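# I need the structure of the sequence given here:
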Amino acid sequence: IRVAARFFSSLYIQGQSPTSKIREYFYYIDHQGQLFLDDIKIKNFVTSFKDKRFLQFFFKRIRINDTNRYQEEFPYISPCGREINYVRCDDVPIVFSHLTQNRISHRRKKNKRNTSYTNVLSYAGSTLFVPFSPQKLCMLPISGRIYHPAPAAVGYVGLIKSSLAIELSSGFRYDRDSNESSQPSVFFYEGIDYELDNEILYRLSNMSTSELENTS
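This next block holds a predicted model:
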């Protein structure tokens, strides 16, 4: 990571202004979902951004880089007014850290309310959420990493954080004739067997073979 950081940081100066009204900053997201300034030498929990309001603001705006600047090196951006924040990542920009239940209140007649719960995956310091779809999980044997649908703006694919992936991995079931390179076909969750559709594979297939190997 340090070698890569030195290479990428040679391409820019933090806060540079390609035009009089624009400032550019450069960020890095690791496979745990931690956000850093790209050119910081030591990347760990201490040096990551932890302010929840900032993380929510940043990740709400993250999308595929269509600026014609740094698209190969920084494939995502998080625009903020006159600032363009360029983003590169170890894998994908959205990393789901927790699987929790969200409470939903439904208004009924006579001002009465019903409360229900839905399972969600959280990211961005647990400030943003997507509904958890067990049948949409996809595990890549080449890396052991587990993916789940994410917002369309980032390419529909999010990564499950390694600590959560370990918890979820016990629910995977394989066909009898499977081998070490086979993908699981079923995910057992809360008493139900979900047949995996592995649709995320079509999204991931847009990544090069080398990129996939680098996630191992």
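
# Who is the residue lying closest to N102 once chain neighbours are set aside paired with across the strands?
Using C-beta to C-beta, 6 or more residues apart in numbering and skipping the chain neighbours, the partner closest in space to N102 is V120 (4.9 Å). Just so you know, the C-beta spots here come from the backbone N, C-alpha and C atoms, and that holds for glycine as well. Note on V120: beta-bridge partners by DSSP bridges are T100, P131.

# For the residue nearest the centre of the chain, give me the pLDDT.
Residue closest to the mean C-alpha point of the chain, counted by C-alpha atoms, centre = their mean, is I94 at 1.6 Å. Per-residue pLDDT puts I94 at 98.

# so it touches A150, yeah?
Yes - judged on C-beta atoms under 8 Å, I94 makes contact with A150 at a distance of 4.1 Å.

# quick one: common contacting residues for these two?
Overlap of the contact sets of I94 and A150 (by C-beta atoms under 8 Å, 6 or more residues apart in numbering) consists of 157-158.

# residue ranges with poor pLDDT in the chain?
When the per-residue scores of the chain are filtered using pLDDT under 70, the ranges that remain are 1-7, 9, 104-116, 207-216.

# Please repeat the previous calculation with a cut-off of 90.
Counting by pLDDT under 90, the chain has low-confidence residues at 1-11, 19-21, 101-118, 141-143, 176-183, 202-216.

# For it, which segments are assigned as helices?
Secondary structure of the chain by DSSP state H: the helices cover 2-9, 52-60, 162-169, 200-204, 209-213.

# For K136, which residues are in contact?
Taking C-beta under 8 Å, 6+ apart as the contact definition, K136 lies against 148-149, 196-197, 199-200.

# re the thing from before, phi, psi of the residue nearest to the centre of the chain?
In terms of degrees, to the nearest 10, the main-chain angles of I94 are phi -100, psi 120.
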